[in-house]
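Enquirer: Turn this into a model:
(one chain, ligands or ions: 1)
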Amino acid sequence: MRKFWHKWPLALVMYTDENLRPPVVGADGTIWRTAGTARGAVVRIHPDYEADTGILHHELNHVCSFWELMAAGAAVGLGFTGVCLLVFGGGFYLAFVWIAALAAVLLMRKMKAYKVRCEAMAYAAQLKHHQRNGLPSELASLAARLASPVYDFGLTQVEAERLILKYV
Ligand SMILES: [Zn+2]
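Expert: Next up, the predicted model:
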């Protein structure tokens with residue numbers, strides 16, 4: 001298995017078929033295979049897609065979103081820690097501040113609107129990569145995937161295209 005550390009955003013990238021979601025079959029019988037996944041800063045890409053750098057850009061965009069959210073959570077935690085130190089002089093409140101910051105981050109990651117936004121941004125990154133490298137535009141197929149049962153966001157193809165283009 002080939003793997004490497006990507007520096008910016010920091011991510012461990014592995015080309016493996018382990019821990020990838022099984023294919024999803026749509027209502028029309030279309031089989032949607034999972035090419036890659038990002039869990040936190042760990043990216044897994046199916047070895048069949050090793051040459052597809054667009055997939056890599058897609059997953060690395062998810063890693064960017066992950067680090068941004070972590071940084072936002074830490075900033076909120078640190079900010080309230082400062083307030084607690086000033087107002088209460090520290091104490092056990094600080095534990096609650098960090099538990100609340102962690103809960104907010106976890107809640108955010110579960111929210112549908114946040115997931116839709118992250119996915120649209122990742123597809124936009126993939127599309128921009130195609131455009132930069134003179135590869136054929138795949139907007140229609142990327143939007144079809146975003147609108148597919150892989151995500152179950154309830155988007156139409158047109159809505160998915162519009163969403164992706166918002167972030168290009
Ligand atoms: Zn994605």
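Enquirer: how many other residues sit next to Gly36?
Expert: The number of residues packed near Gly36 is 21, by other C-beta atoms under 10 Å. For the C-beta atoms, the positions are set from N, CA and C on the backbone; glycine is no exception.
Enquirer: if I look at the residue lying closest to it once chain neighbours are set aside, how far off is Leu60?
Expert: Excluding the flanking residues, the one nearest Gly36 by C-beta to C-beta, 6 or more residues apart in numbering is Ile45, at 4.1 Å. From Ile45 across to Leu60, the span is 10 Å (C-beta to C-beta, to the nearest Å).
Enquirer: now Ala41
Expert: Taking C-beta to C-beta, one finds Ala41 at 10 Å from Leu60.
Enquirer: List the residues that contact the most centrally placed residue in the chain.
Expert: Nearest to the mean C-alpha position of the chain, by C-alpha atoms, centre = their mean, lies His62 at 2.6 Å. For His62, the contact set (C-beta atoms under 8 Å, 6 or more residues apart in numbering) comprises Ala38, Val43, Cys118, Ala122.
Enquirer: would you list every one of the strands in this protein?
Expert: Remark: strands assigned in the chain by DSSP state E are 3-6, 11-15, 24-25, 31-32, 36-39, 42-45.
Enquirer: Gln114: how many residues sit nearby?
Expert: Slight slip there: residue 114 is Tyr, not Gln. 14.
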